[in-house]
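# coords please:
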Amino acid sequence: MSPEARISPLQVEQALRLLPEVDALAPLRAFLVSTSRGRDATQPYRTVGTRLLLPADLTHAVPRAIARVTEHLRALYDAAVEALQAEQEDDLPAAVASLLRAGELEVQVGRGTQAHAWYDQALRIAETLRDRRPEIAALRRFGDLKTRLGRFDIAARYYQRSLAIAEAERDREGSARACHGLGEVALAQAKWQGAGSWYTRGLQYEADDPSLAAHLHLGLGEAARARGQFETAEEQLGRAQRLFAAHGDDVGLARVLNAVGDLEALRERRPEALARYQEAFAHLRPVAGYPQLEIAIRLRICQLYLDWGRLPDAEDEIRRAEETAIVHNATPELARLYLVMGQVRGRQEDDTGFVFFEKAIELCRGPEPTPRLEAEVYLEYGLFRKQLGELEEAEAYLGRAREILEAIGNGPLLARVDAELATLPTV
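All right, here's what the predicted structure looks like:
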């Protein structure tokens with residue numbers, strides 16, 4: 001037996017404890033997670049931390065990691081050089097566009113803090129220009145970033161500023177996009193009527209961009225579905241689907257079919273819902289670079305199986321999504337998957353499901369914290385403990401969710417936490 005064969009692999013959590021959380025090692029930390037091996041599938045409580053790796057394997061993989069980092073840095077440097085050249089040519093709008101593109105590159109690899117820095121620099125320059133369109137775009141990018149991080153109140157303020165300037169400048173497309181952003185924020189906060197109003201307002205501005213119109217109709221369909229207006233939802237989603245199909249937008253079609261699946265699920269037409277989700281996958285399969293959307297669809301399928309009472313199928317779907325999230329270092333999505341896995345264990349009355357809630361909380365507190373998602377985890381963790389009859393623990397976790405939500409501002413979710421706290425018996 002060779003010496004290598006006698007060496008036990010490390011668990012991911014062991015390896016991460018050994019490597020300091022410094023910027024220089026961040027890509028290596030992410031790479032070792034994405035290249036780790038899954039444990040025996042018969043182990044029901046495995047998480048990303050228990051996956052295995054051999055440092056010797058990393059020795060051979062390091063060149064690929066360096067190449068990936070180098071490619072990303074080259075793209076950032078190219079954007080920076082283009083910004084410098086644009087300033088030299090006295091074309092500051094082009095400089096702003098280059099800085100915004102660099103921020104988008106950082107968003108794609110989950111580096112929200114770094115994206116914020118690029119956007120901030122772009123906005124500083126844009127605010128000095130007579131042409132207000134770069135400022136409109138920069139404010140919208142900030143709104144997109146804050147929405148992704150769950151900071152909805154802050155996101156709404158950026159979109160509102162973008163809309164006010166766009167309207168003053170009679171920038172119809174900029175106004176429509178800001179309205180779409182405000183609709184997305186309202187939708188995420190379960191403000192269905194407000195979301196519908198913003199999407200409708202956006203359509204009044206939308207002119208010559210069928211893709212933007214399709215996204216606005218998609219939003220209207222989702223808002224109508226959430227309000228129980230199924231016929232209106234079906235009509236709006238149909239419009240979105242036709243617009244996406246007319247322009248061969250497979251990603252857009254995947255999004256709208258996912259929404260149609262949600263509508264069928266609410267109608268309790270589960271086979272039809274599953275078929276729509278599978279159609280969404282069929283459109284997404286040939287398109288690279290959308291792991292978050294793939295995970296979102298799998299989460300919908302998992303929820304469908306949960307409502308169907310098909311718990312083993314729900315867990316299988318979550319495990320497929322988990323593999324995608326790990327390979328692509330999609331940390332917030334991975335945290336949400338473990339939240340759902342904890343809910344699955346709760347449905348099974350399995351008290352060891354706490355493992356998944358604890359791992360989700362750990363991921364939410366990582367290098368790029370996601371406090372709103374952390375609050376959601378604490379809320380569901382509290383409900384999990386309540387179901388097990390552990391009322392003191394339930395109150396503690398719900399209280400922690402409340403503290404986070406009070407700090408970041410999220411009225412609808414805070415109201416739900418307060419309602420759950422009110423159901424607990426007083427001691």
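
# can you map out the helices along the stretch 251-400 of the chain?
Taking DSSP state H, counting those that start in this stretch as the test, the helices found in the stretch 251-400 of the chain are 270-284, 291-308, 311-327, 331-347, 354-364, 371-387, 391-408.

# Could you check the angle the first one makes with helix 311-327?
Here helix 270-284 runs at an angle of 20 degrees relative to helix 311-327 (axes from the mean of the first three to the mean of the last three CA atoms, to 10 degrees).

# from memory residue 361 sits against residue 374, does it?
Yes: counting by CB atoms under 8 Å, residue 361 does reach residue 374; the two are 6.2 Å apart. (C-beta placed from N, C-alpha, C; glycine too.)

# Tell me the secondary structure at residue 130.
In terms of secondary structure, residue 130 is coil; the call rests on DSSP: H, G, I helix; E, B strand; the rest coil.

# what's the answer for residue 190, then?
Secondary structure for residue 190, judged by three-state DSSP, is coil.

# Tell me the predicted confidence for it.
At residue 190, the predicted lDDT confidence score is 88.

# Can you report how many residues lie near it?
Taking other CB atoms under 10 Å as the criterion, the count of residues near residue 190 is 14.

# and what of the one 4 residues further on?
Neighbourhood size, residue 194 [other CB under 10 Å]: 16.

# Could you measure from it over to residue 143?
Taking CB to CB, to the nearest Å as the measure, residue 194 falls 15 Å from residue 143.

# now swap in residue 125 and tell me
Using CB to CB, one obtains 18 Å as the distance from residue 125 to residue 143.

# Any figure for the gap between the closest residue in space to residue 15 that isn't next to it in sequence and residue 321?
The spatial neighbour of residue 15 that comes closest, neighbours along the chain excluded (CB to CB, 6 or more residues apart in numbering), is residue 32 at 5.7 Å. Shown here: residue 32 relative to residue 321, a distance of 21 Å by CB to CB.

# One more: residue 420?
Applying CB to CB to residue 420 and residue 321 gives a distance of 27 Å.

# Then residue 363?
Residue 363 sits 14 Å away from residue 321, taking CB to CB as the criterion.

# wait, what's in contact with residue 103?
For residue 103, the residues meeting the contact criterion (CB atoms under 8 Å, 6 or more residues apart in numbering) are 114-119, 122, 141, 145.

# With distance to residue 47 as extra columns, can I get those in a markdown table?
Supplementary listing: these in a markdown table, determined by distance: CB to CB, whole Å:
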| residue | distance to residue 47 |
| --- | --- |
| 114 | 27 |
| 115 | 27 |
| 116 | 29 |
| 117 | 32 |
| 118 | 33 |
| 119 | 33 |
| 122 | 38 |
| 141 | 33 |
| 145 | 28 |
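
# Narrow the residues you listed to those in helices?
Among the contacts of residue 103, DSSP state H puts 114-119, 122, 141, 145 in helices.

# ok, of those residues, which come out buried?
114-116, 118-119, 122, 141, 145 (16 or more other CB atoms under 10 Å).

# ok, back up a step: okay, residue 32 and residue 321: which has more neighbours?
Neighbour comparison, residue 32 and residue 321: the larger count goes to residue 321, with 26 against 23 (by other CB under 10 Å).

# Find the nearest non-adjacent residue to the more buried one, please.
Counting by CB to CB, 6+ apart, residue 321 lies nearest to residue 298, which is 3.8 Å off, once chain neighbours are set aside.

# which residues of this structure score low on pLDDT?
Filtered on pLDDT under 70, the chain yields the residue ranges 1-7, 39-43, 207, 427.

# List the buried residues of the lengthiest helix in it.
Ordering each helix of the chain by length in residues (DSSP H) puts helix 55-88 first. Across helix 55-88, burial judged by 16+ other CB under 10 Å covers 58, 61, 65, 69, 72, 76, 79-80, 82-83, 86.

# Now do the contacts for the residue nearest to residue 15.
With contacts defined as CB under 8 Å, 6+ apart, residue 32 is in contact with 12, 15-16, 53, 58.

# which SSE is it in?
helix 26-34 (DSSP states H and E).

# so after that helix, what's the next helix or strand?
Per DSSP H and E, helix 26-34 leads on to strand 52-53 as the next helix or strand towards the C-terminus.

# how distant is that following strand from the center of its chain?
26 Å (CA atoms, centre = their mean, to the nearest Å).

# just checking, what packs against that strand?
Helices and strands in packing contact with strand 52-53 are listed as strand 10-11, helix 12-18; criterion 3 or more CB pairs under 8 Å, 6 or more residues apart in numbering; DSSP states H and E.

# Check what contacts stretch 59-68 and list those residues.
Residues from elsewhere that reach stretch 59-68, judged by CB under 8 Å, 6+ apart: 27-28, 31, 35.

# oh, I was asking about stretch 73-86
Residues external to stretch 73-86 that are found in contact with it (CB under 8 Å, 6+ apart): 92-96, 98-99, 101-102, 105-106.

# Settle it for me: which of residue 125 and residue 143 has more neighbours?
residue 143 (28 against 19).

# How far does the helix or strand containing the more buried one sit from its chain's centre?
Assigned by DSSP H and E, residue 143 belongs to helix 133-148. Helix 133-148 sits 17 Å away from the centroid of its parent chain (CA atoms, centre = their mean).

# Report the angle between it and helix 291-308.
40 degrees.

# what's the spacing between whatever helix or strand comes next after helix 133-148 and its chain's center?
Beyond helix 133-148 in the direction of the C-terminus, DSSP H and E gives the next helix or strand as helix 152-168. The chain centre lies 21 Å from the centre of helix 152-168; the measure is CA atoms, centre = their mean.

# And helix 152-168, what does it pack against?
Under the contact definition 3+ CB pairs under 8 Å, 6+ apart, helix 152-168 sits against helix 133-148, helix 172-188.

# Out of these, the one nearest residue 329 is which?
The stretch from the helices and strands packed on helix 152-168 with the least distance to residue 329 (CB to CB) is helix 133-148; that distance is 14.8 Å.

# Would you mind pulling the contact partners of that closest one?
In this structure, residues lying in contact with helix 133-148 by CB under 8 Å, 6+ apart are 92-93, 96-97, 100, 103-104, 107, 112, 115-116, 119, 122-123, 125-127, 129, 152, 154-156, 158-159, 161-162, 165-166, 169, 171, 174, 177-178, 181, 184-185, 188.

# Output that helix as CSV, nothing but the C-alphas.
Coordinates of the C-alpha atoms in helix 133-148 are reproduced here as CSV (Å, rounded to 0.1, in the frame of the first residue of the first chain):
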residue,chain,number,x,y,z
ARG,A,133,-27.7,58.6,-17.4
PRO,A,134,-24.5,57.2,-15.9
GLU,A,135,-25.7,58.3,-12.5
ILE,A,136,-29.1,56.6,-13.2
ALA,A,137,-27.3,53.4,-14.1
ALA,A,138,-24.9,53.5,-11.1
LEU,A,139,-27.8,54.0,-8.6
ARG,A,140,-29.6,51.1,-10.2
ARG,A,141,-26.6,48.8,-9.8
PHE,A,142,-26.4,49.7,-6.1
GLY,A,143,-30.1,48.8,-5.8
ASP,A,144,-29.5,45.5,-7.5
LEU,A,145,-26.6,44.7,-5.1
LYS,A,146,-28.5,45.6,-2.0
THR,A,147,-31.5,43.6,-3.2
ARG,A,148,-29.2,40.5,-3.6
